[in-house]
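Undergrad: Just a sequence and a predicted model for now, questions to come.
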Amino acid sequence: MAALKFYQFPCLSDNYGVLVHDPDSGDTASIDAPDANAVETALQENGWALTHILVTHHHWDHTQGIAELKSKYNCRVIGPEVEASKIDMLDETKNDGDQFTFGGETVNVISTPGHTIGMINFHFPESGTVFTGDTLFALGCGRIFEGDANMMWESLSKLAKLPPETVVYCGHEYTQANATFCLTMEPDNQALIKRSEEITALRAQGKPTLPTSIGLELETNPFLRAGNAENFAKIRTAKDNA
């Protein structure tokens, strides 16, 4: 069985889309649908046809391309049960702990409420990859719009338990701004200082800072390193007011 292929591409002002492709079956999934034209261009660049859209949450910058893509490809749209009333054209809904198969691999659904109440993440354990939407960012986490700090801390704690080598794709290129904030929280964290320098160099060249990994985030991301919900809440509040 051939390994799944992952293709990340920028879209909108600071979003990322990702295509997941199975060379054996030809199945191709878009993680969210931030922009139909950008997804279409990515598909054409690779010579792939869209068969699935895996939706993390209901916000427009993750869903606005669904209708156009589904109309063209008749792809299967899978998303969170809790947000089914807010996402049009879902064919299949998933809850925490559910599993489904894509490209011969089992996909584990992880509920990660906080940013939104129904956010789900998609973990491909055989490929060692997780798609975290707007829950976990490189050196950050999503702003808490619908949940609370306890909820978001529990969600991040679930992700922190994944194997450290797990590759993390998330929804936005926020890393450079996040690094600036993180250094105010942990100014003596040598791993963070080194990573911040690498991020600055990447962005100066117009290169993405993603994907990241669970292990790298555990070393450098204060939101994952908070230790408990109370400390996490203080960090999140500081970031919101930065």
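TA: Looks like it came in fine. Numbering: from 1, shown residues only.

Undergrad: For Ile214, give me its contacts.
TA: Taking CB atoms under 8 Å, 6 or more residues apart in numbering, we find Ile214 in contact with 130, 159-160, 162-166, 168. From N, CA and C alone the C-beta is placed, and that goes for glycine too.

Undergrad: change it to 10 Å
TA: Applying CB atoms under 10 Å, 6 or more residues apart in numbering to Ile214 gives the contacts 128, 130, 132, 136, 159-168, 221, 224.

Undergrad: Which of the residues you listed sits closest to Pro187?
TA: Asn221 (14.8 Å; CB to CB).

Undergrad: Return the list of helices and strands in contact with the host helix or strand of Ala177.
TA: According to DSSP states H and E, Ala177 maps onto helix 175-185. For helix 175-185, the packing partners by 3 or more CB pairs under 10 Å, 6 or more residues apart in numbering; DSSP states H and E come out as strand 140-141, helix 190-204, helix 214-220, helix 229-240.

Undergrad: Can you select the buried ones from the contacts of Ile214 in PyMOL?
TA: Selection of buried members from those for PyMOL, criterion 16 or more other CB atoms under 10 Å:
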select buried, resi 130+132+136+159+160+162+166+167+168+221+224
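
Undergrad: returning to what we had before: mean neighbour count, the helices and strands packed on helix 175-185: which tops it?
TA: Highest mean neighbour count of the helices and strands packed on helix 175-185: strand 140-141, a mean of 28 (counted as mean count of other CB atoms under 10 Å).

Undergrad: Run through who's touching it.
TA: The contact list for strand 140-141 (CB under 10 Å, 6+ apart) reads 112, 114-115, 132, 134-135, 152-153, 155-156, 159, 170, 172, 174-175, 177-179, 181-182, 217, 221-224, 226, 232, 235-236, 239.

Undergrad: Narrow these to those that are buried.
TA: 112, 114-115, 132, 134-135, 152-153, 155-156, 159, 170, 172, 174-175, 178-179, 181-182, 217, 221-224, 226, 232, 235-236, 239.

Undergrad: Tabulate the helices and strands packed on helix 175-185 (TSV), appending mean pLDDT and distance to Met119.
TA: TSV is the format used below for the helices and strands packed on helix 175-185 (pLDDT from 0 to 100; distance: least, CB to CB, whole Å):
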stretch	mean pLDDT	distance to Met119
strand 140-141	98	11
helix 190-204	97	25
helix 214-220	98	17
helix 229-240	97	15
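
Undergrad: Please identify which of these is closest to His57.
TA: Closest among these, using CB to CB: strand 140-141, at 13.6 Å.

Undergrad: returning to what we had before: of all the helices and strands packed on helix 175-185, which one is nearest Lys5?
TA: Here helix 214-220 is closest among the helices and strands packed on helix 175-185 (CB to CB), at 21.0 Å.

Undergrad: gap between the closest one and the chain center?
TA: 15 Å (CA atoms, centre = their mean, to the nearest Å).

Undergrad: How much space separates the residue lying farthest from the centre of the chain from Asn74?
TA: Farthest-out residue of the chain from its mean C-alpha position, per CA atoms, centre = their mean: Asp188, at 28.0 Å. For Asp188, the distance to Asn74 (CB to CB, to the nearest Å) stands at 54 Å.

Undergrad: Repeat that for Lys161.
TA: Relative to Asn74, Lys161 is positioned 37 Å away (CB to CB).

Undergrad: again with Pro164
TA: To Asn74, Pro164 is 39 Å away according to CB to CB.

Undergrad: now Ala67
TA: 12 Å.

Undergrad: likewise Ala84?
TA: Distance from Ala84 to Asn74, by CB to CB: 20 Å.

Undergrad: do the same with Gly97
TA: 29 Å.

Undergrad: all helices of this protein, in order?
TA: Ranges of helices in the chain, per DSSP state H, are 36-46, 60-63, 66-73, 149-160, 175-185, 190-204, 214-220, 229-240.
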